[in-house]
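Engineer: With the sequence up front, the predicted model follows.
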Amino acid sequence: MKEQEIVKAILEWLTYKKIFHYRNNTGAMVSEYKGKKRFMRFGSLGSPDIIVFKKSDQGAIAIALEVKRDEKAKQTESQKQWQDDFETKANGKYLLVHSIAEIESALI
């Protein structure tokens, strides 16, 4: 299964379960305007594929989901840094996931 297919399946599952979330699109592109090329980056470098907000006894908790195709796929250095910042500075929960089954117990 391709990574994008796993992301799509997780997004559909989150919607079905009525768990508040959004797809965190990131990337870069080159565009041209009046003969000049421009490089544009969108999203935060290293940020995860999906952000989830879940109610807890202590209030809302932010959960970052970084989706990987299989167990062999590794995080980039920028993803590791983003995870560290998210967990230490924002007290968020970060999950490296490969399927819906891996997030079910963490979110329900």
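Structural biologist: Now that the structure is in, tell me what you want to look at.
Engineer: Mind listing residues that contact the longest strand that the chain contains?
Structural biologist: Longest strand of the chain, by residue count under DSSP state E: strand 59-67. Contacts to strand 59-67, defined as Cβ atoms under 8 Å, 6 or more residues apart in numbering, come from residues 3, 6-7, 10, 47-55, 75, 79, 82-83, 86, 90, 92-98, 103, 106-107. In this view, the C-beta of every residue, glycine as well, is placed from N, C-alpha and C.
Engineer: which of the residues you listed are buried?
Structural biologist: Taking 16 or more other Cβ atoms under 10 Å as the criterion, what is buried in the contacts of strand 59-67 is 6-7, 10, 47-52, 75, 79, 82-83, 86, 92-98, 103, 107.
Engineer: Give me the subset of those lying in helices.
Structural biologist: If you go by DSSP state H, the buried ones among the contacts of strand 59-67 have 6-7, 10, 79, 82-83, 86, 103, 107 in helices.
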